[in-house]
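Colleague: just a sequence and a predicted model for now, questions to come.
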Amino acid sequence: MEDTATRIIHIIAKSKSLPPESIQPESNFDDLQIDSLDKINLTFEIEEAFNITIPDDSLSSLRTVQDVITGVQRLQAEKSAAS
């Protein structure tokens, strides 16, 4: 099974038609040409892929791929702790 970072990178790569190897955790959304609409669409895809809910107010703080990875890992940990 792919780890969280790899899965997120593949989701971003697919949505932006980029090769996954061109996306690194430190990649900035501006450099990847990910705008606010792209963030919303990515949020839906990531929520579905990981069966989590990403709070709307956290979208504005997402600037890098690592921000997304860290946020998803935190939400997964919270979900595991709650069950």
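Modeller: Sure thing, it's come through. Numbers count the residues shown, from 1 in each chain.
Colleague: show me the helices in the chain, by range?
Modeller: Secondary structure of the chain by DSSP state H: the helices cover 4-16, 36-50, 65-82.
Colleague: closest one to E26 among the ones you listed?
Modeller: helix 65-82 (6.1 Å; CB to CB). (Each C-beta comes from the backbone N, C-alpha and C, glycine too.)
Colleague: give me the residues contacting that closest one.
Modeller: 4-5, 8-9, 12, 23-27, 29, 32, 42, 46, 50-54, 58, 61-62 (CB atoms under 8 Å, 6 or more residues apart in numbering).
Colleague: what of stretch 46-54?
Modeller: Taking CB under 8 Å, 6+ apart as the rule, stretch 46-54 contacts 4, 7-8, 11, 43, 68, 71-72, 75-76, 79.
Colleague: which of those residues sit farthest apart?
Modeller: I11 and K79 (18.3 Å).
Colleague: and the contacts of stretch 46-54, which of them are buried?
Modeller: 4, 7-8, 11, 43, 68, 71-72, 75 (16 or more other CB atoms under 10 Å).
Colleague: ok, back up a step: quick one, which of the helices of the chain is packed in tightest?
Modeller: Using mean count of other CB atoms under 10 Å, the stretch among the helices of the chain with the largest mean neighbour count is helix 4-16, at a mean of 17.
Colleague: give me every residue that touches Q33.
Modeller: With CB under 8 Å, 6+ apart, Q33 has these contacts: K16.
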